[in-house]
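Engineer: coords below, sequence missing:
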C-alpha cells in the first residue's frame, strides 16, 4: 500500500497537465535524492539563496535569481521588490506602500485567476492592480496614457489563461517601460523556454519550478542583480510566510541542472495523434490534435463531445471520469464548449492505456 492509500486517497491519472491542483510534477529520482540529502544537514539559508541565484542565472541567462515557493509568491515578491527595494524600513511596512508609487499596470485581458486572482498577488506585495484597456483590445496608447507618477511596475502575464486577441506585445510593453523608467515584470509561470523571457529585456521574470521545469512545488524569479537583491530582501518582510526550505531549493536546483528544453522532439504530436484516433472511434467523440493555445511546443489530443451520441455533455463526462476508479482528470478549460483535451507531458504509457479503458467503459454504458 502506498502513502496515499494509507491516508485513504487514490492516486490520480493526470491527463490535464502540470497542474497545481494535481500536485504539479512527478519528480525525477535525482530530484528526490537531492531533496533527501538536503534534509539530512543544516545550511546557512542566506548563503544557499545566493548560491541558488547563481544557478538560476546560469540557467536563464539573467544576471541573478531568487528561489520562491511558487510563481504566485514570485509575483508578490517581485511587486514588493519594485515598491520597497532593499530598504529595511520600507520592506517591513509592506503591504502598506507608505505613499510610495504602488500602482501595477496590467492588460485587462491579463487580469486572470490561475487558482487565485493575480490582482491578489499584486496586493500581497503592496501593489494596487490597475487594469488597462478592454478585455479584447489594448493598444500602446492605452498603456501609455495609464502611466502616472504612482506607477511602480508593468506586469505582463504570459499564459493560456489570458486573452491573446487584441493585446499589445511584451516588446511594446518593455519599450514603454524603458521610456518611463518603469520596471516590467513577466509572469511566465508555465513556460518551457527559460531563456526566452529574460532575453526580452524584462526586468524580472517569474517561473514555476513545479511545472515545465519538473521540480518540486516551488518557483523562481530571475532578472537584474539590483532587483533580485530586493527580492531576497523581502524574506524579512512579506515573503517571510512564503519562505522556501532547503529541501525545496536543492530539488529545484537539481531540476534546473538537468532541465532539457521541451521543444526538443515533437511535443507529443505522434502520441496524441494516435490517442485522438483511438478515442475518436468511441460513440460521441471526435478526436483531433491541437498545439497549445499559448504557443508552447505542446500538442494535445482534443476530444469534442456530442452529447446526443455520448449520453452526457463534456462537463458531465469530465466529472464522471474524475469520480471513477482510478480518477482521470482531463484538461477541461473548454468543457463548456464541448471540448476536453489530454496533455502528453504528465501521463505515462500505462496511464494512457488506463485512460482509454475508462473512456471505453464510461461511453460504452451510454
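Structural biologist: Arrived safely. Owing to the predicted nature of the structure, the values given are computational and were not obtained by experimental measurement.

Engineer: what are the ranges of the helices in the chain?
Structural biologist: Secondary structure of the chain (DSSP state H): helices located at 3-6, 29-38, 45-60, 71-84, 88-93, 118-124, 140-146, 170-180, 225-233, 246-257, 269-279, 307-310, 314-322, 349-364.

Engineer: pick the most deeply packed of the ones you listed.
Structural biologist: Among the helices of the chain, the stretch with the highest mean neighbour count (mean count of other Cβ atoms under 10 Å) is helix 71-84, at a mean of 28. Quick note: C-beta positions are derived from backbone N, CA and C, even for glycine.

Engineer: sorry, back to before: quick one, which of the helices of the chain is nearest to residue 288?
Structural biologist: helix 269-279 (5.9 Å; Cβ to Cβ).

Engineer: quick one: residues in contact with that closest one.
Structural biologist: Applying Cβ atoms under 8 Å, 6 or more residues apart in numbering, the contact partners of helix 269-279 are 285, 287-289, 299-303, 342, 344, 352, 356, 359.

Engineer: what's the closest of these to residue 132?
Structural biologist: Once Cβ to Cβ is applied, the member of the contacts of helix 269-279 that ends up nearest residue 132 is residue 300, at 31.0 Å.

Engineer: tell me the confidence at that closest one?
Structural biologist: Per-residue confidence (pLDDT) for residue 300: 94.

Engineer: with adjacent residues omitted, what lies nearest to residue 300?
Structural biologist: Counting by Cβ to Cβ, 6 or more residues apart in numbering, the nearest residue to residue 300 once its immediate chain neighbours are dropped is residue 341, at 4.3 Å.

Engineer: please apply the same query to residue 313.
Structural biologist: Leaving aside its chain neighbours, residue 313 sits nearest to residue 307 (4.3 Å; criterion: Cβ to Cβ, 6+ apart).

Engineer: contacting residues for that neighbour?
Structural biologist: 284, 313, 314, 338.

Engineer: ok, it to residue 361 distance?
Structural biologist: Taking Cβ to Cβ, to the nearest Å as the measure, residue 307 falls 18 Å from residue 361.

Engineer: swap in residue 273?
Structural biologist: 23 Å.

Engineer: now swap in residue 157 and tell me
Structural biologist: Counting by Cβ to Cβ, the gap from residue 157 to residue 361 is 39 Å.

Engineer: what's the burial count for the closest residue to residue 17 other than its chain neighbours?
Structural biologist: Spatially, and ignoring its direct neighbours in sequence, residue 17 is nearest to residue 343 (4.0 Å; Cβ to Cβ, 6+ apart). When neighbours are counted by other Cβ atoms under 10 Å, residue 343 registers 22.

Engineer: what do you get for residue 164?
Structural biologist: Using other Cβ under 10 Å, residue 164 has 12 other residues around it.

Engineer: might one say that residue 314 is in contact with residue 305?
Structural biologist: Yes. Contact criterion Cβ atoms under 8 Å: residue 314 and residue 305 qualify, at 4.1 Å.

Engineer: which residues are in contact with both of these two?
Structural biologist: In contact with both residue 314 and residue 305: 338, 339, 340, using Cβ under 8 Å, 6+ apart.

Engineer: relative to residue 273, how far out is the first one?
Structural biologist: So that's residue 338. In terms of Cβ to Cβ, residue 338 sits 21 Å off from residue 273.

Engineer: ok, back up a step: out of the shared contacts of residue 314 and residue 305, who's the most crowded?
Structural biologist: Neighbour max across the shared contacts of residue 314 and residue 305 (other Cβ under 10 Å) = residue 340, 25 neighbours.

Engineer: what sits against that one?
Structural biologist: 302, 303, 305, 314, 317, 318, 330, 331, 332, 334.

Engineer: got a quick PyMOL command for the buried subset of the residues you listed?
Structural biologist: A single PyMOL command selects the buried members of those (16 or more other Cβ atoms under 10 Å):
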select buried, resi 302+303+305+314+317+318+330+331+332
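
Engineer: can you list the contacts of residue 340 in a markdown table and add distance to residue 70?
Structural biologist: As requested, these are exported to a markdown table (distance: Cβ to Cβ, whole Å):
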| residue | distance to residue 70 |
| --- | --- |
| 302 | 28 |
| 303 | 30 |
| 305 | 33 |
| 314 | 30 |
| 317 | 31 |
| 318 | 25 |
| 330 | 24 |
| 331 | 20 |
| 332 | 22 |
| 334 | 25 |
